[in-house]
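> Below is the structure, and that's it, no one-letter string:
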């Protein structure tokens, strides 16, 4: 699936969702969720290729791969939480969307702890 197909599918989903909201609003959220799942499946193969390429660069340059792993975890969590939050808002459950946003931020904070630890070690090394 290329970008033109993805955009066409997205626009078709918007039209279908607007029609469904008039007659069967409970199905509109299901259609949006299915579209998001299709996009995630398609994009996941690209992310794997990118991660493999960056891993090879890290091995070649000697950069610690943990920083790249943290970066990908943070990006992944933010995209997934943003998607789920948007689906919750579309379904009219904005209170759940807020909780998803908060949970995502806490998970990102937790995932970034190894980088924070390394930063503290660098600061202590410079100070001594």
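Perfect, thanks for sending it. These numbers were taken from a predicted model, which means no experiment stands behind them.
> Every contact and neighbour count from this point should use C-alpha atoms.
Will do.
> same for the lowest-mean-pLDDT helix or strand in the chain, what does it pack against?
Least confident helix or strand of the chain, by mean pLDDT, DSSP states H and E, is helix 25-61 with a mean of 84. On a contact count with 3 or more C-alpha pairs under 8 Å, 6 or more residues apart in numbering; DSSP states H and E, helix 25-61 meets helix 3-23, helix 65-90.
> Please parse this protein into its domains.
Per automatic domain parsing, the structural domains of the chain span 1-63, 64-128.
> Would you single out the least confident of those?
With a mean of 84, domain 1-63 has the lowest mean pLDDT of those.
> Off-centre distance for it?
The chain centroid and the centroid of domain 1-63 are separated by 10 Å under C-alpha atoms, centre = their mean, to the nearest Å.
> Can you give me the neighbour number for residue 121?
12 (other C-alpha atoms under 10 Å).
> Roughly how far does it sit from residue 114?
Noted for residue 121: a distance of 11 Å to residue 114, by C-alpha to C-alpha, to the nearest Å.
> Quick check: which of the domains of the chain has the most neighbours on average?
The highest average neighbour count among these, using mean count of other C-alpha atoms under 10 Å, belongs to domain 64-128 at a mean of 15.
> what about residue 41, distance to residue 49?
Distance from residue 41 to residue 49, by C-alpha to C-alpha: 13 Å.
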